[in-house]
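J.: have a look; sequence and predicted model below, questions after that.
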Amino acid sequence: MCGCVCGGGARAREFGEGAENCLAFSRFFFLSAGSMSSSAASAKEEELKEEVGKLQALQREISTHTKNREQYETQLHENQLVKKELELLEEGDDVFKLVGPVLIKQDLEEAKGNVNKRIEYISAEIERQEKQIKDVEDKQEKIKEHCIKLQKALQAEQQKQQKTTQ
């Protein structure tokens, strides 16, 4: 699902699924409304263009947050592996920490504590990214609904105009 105005529902079947189809849907908006000439229609077209621009910006923001979340999830997995390895060690075993090009001896308990703190921090960052994604998706949903209303109004106006020209 691309997360654009098509929302992956009925419109997605019409335009296909995936982020590459977001532009196809926005072009559909503009082409279906493009033949009107009244000032009200052009104002609605401009508003629709602005709203679609906002949707595209929100989609980029979601993409950024998703990418950040994936990076944090990778870091979390790596740190969980380190934690498992540290748990296999016995008291008195040597633990070294890489600081730049140098290995520095570190206390086992201190190393475990550092890894646990990193896991807590990374987990909190993942939750923060997920909350931001949800907030942006909520904003996006409101704008989608507004776009659909605008598009319906433009279509109704276009049909009305076509009836008057016949």
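T.: Yep, that arrived. Numbering: from 1, shown residues only.
J.: which parts of this protein are strands?
T.: Assigned by DSSP state E, the strands in the chain fall at 95-99, 102-106.
J.: lowest-scoring secondary structure element of the protein by mean pLDDT?
T.: helix 10-15 (a mean of 39; mean pLDDT, DSSP states H and E).
J.: please enumerate the helices of this protein.
T.: Ranges of helices in the chain, per DSSP state H, are 10-15, 22-33, 39-88, 108-165.
J.: closest to residue 100 out of those?
T.: Nearest to residue 100, of all those, is helix 108-165, at 16.6 Å by CB to CB. Glycine gets a C-beta too; all of them are placed from N, C-alpha and C.
J.: give me the angle between that closest one and strand 102-106.
T.: 120 degrees (axes from the mean of the first three to the mean of the last three CA atoms, to 10 degrees).
J.: what average pLDDT does helix 108-165 get?
T.: For helix 108-165, mean pLDDT rounds to 93.
J.: and it with strand 95-99, angle?
T.: 50 degrees.
J.: export the helices of the chain to JSON lines and tack on distance to residue 100?
T.: Formatted as JSON lines, these follow (distance: least, CB to CB, whole Å):
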{"stretch": "helix 10-15", "distance to residue 100": "50"}
{"stretch": "helix 22-33", "distance to residue 100": "44"}
{"stretch": "helix 39-88", "distance to residue 100": "19"}
{"stretch": "helix 108-165", "distance to residue 100": "17"}
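J.: now those helices as JSON lines including distance to residue 101 and mean neighbour count?
T.: Below are the helices of the chain laid out as JSON lines (distance: least, CB to CB, whole Å; neighbours: other CB atoms under 10 Å):
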{"stretch": "helix 10-15", "distance to residue 101": "51", "mean neighbour count": "14"}
{"stretch": "helix 22-33", "distance to residue 101": "46", "mean neighbour count": "16"}
{"stretch": "helix 39-88", "distance to residue 101": "20", "mean neighbour count": "15"}
{"stretch": "helix 108-165", "distance to residue 101": "19", "mean neighbour count": "15"}
